[in-house]
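**Q** please find the sequence and the predicted model below.
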Amino acid sequence: MPAAALPVPPRTRPLARRLLAPVASLAGVAAAFAYVGAVDPNEPGHYPVCPLLRFTGIYCPGCGGLRSAHAFVHGDLPAALGANAPAVLGYGLFAVVMVLWLIRTIRGVPMRLAISPAWGWGIGAVLALFTLVRNLPFGSALAP
């Protein structure tokens, strides 16, 4: 009778190799934030205009995102929230995910990020509502 094969634990890669993806991702986002912090989106000519805003006059959920990032980099949280509050929430969510990814990577546990369809629809509904309200006269405070 053949002996039952014991499960072989996966070979763990060296820590430096495991950290490559999260550190590279963090470096890319940090470089983007550094660029937006250095090149003011409030001055015309540096960034393209949102096509939806240009052709329809409607603010999309991302309108004001660069101004929000610029204010965030400079530590002006009220201005960042005023330019695009969901973007600021996204910055916080990104920071949490990055910390979790780094901790799991250091421990050698794979990072799996998946959201349920209900969460996806919920986030989409909140962004659609945000877009609708910021384009109505009573929601002009949400416009960038």
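**A** Thanks, I have the structure now.

**Q** I figured residue 39 hits residue 46, correct?
**A** Yes - using Cβ atoms under 8 Å, residue 39 is in contact with residue 46, at 5.1 Å. For the C-beta atoms, the positions are set from N, CA and C on the backbone; glycine is no exception.

**Q** in the chain, which spans are helices?
**A** Ranges of helices in the chain, per DSSP state H, are 15-18, 20-38, 51-56, 65-73, 77-107, 117-134.

**Q** and the first one, what does it pack against?
**A** Other elements packing on helix 15-18 under the criterion 3 or more Cβ pairs under 8 Å, 6 or more residues apart in numbering; DSSP states H and E are helix 77-107.

**Q** may I see the buried residues of the helix it packs on?
**A** By 16 or more other Cβ atoms under 10 Å, the buried positions in helix 77-107 come out as 80-84, 86-88, 101, 105.

**Q** tell me what angle that helix forms with helix 20-38.
**A** 160 degrees (axes from the mean of the first three to the mean of the last three Cα atoms, to 10 degrees).

**Q** hang on, the earlier thing: weakest of the helices of the chain by average pLDDT?
**A** Looking over the helices of the chain, mean pLDDT reaches its minimum on helix 15-18, with a mean of 88.

**Q** check the offset of it from the chain's centre.
**A** For helix 15-18, the separation from the chain centroid amounts to 24 Å (computed by Cα atoms, centre = their mean, to the nearest Å).
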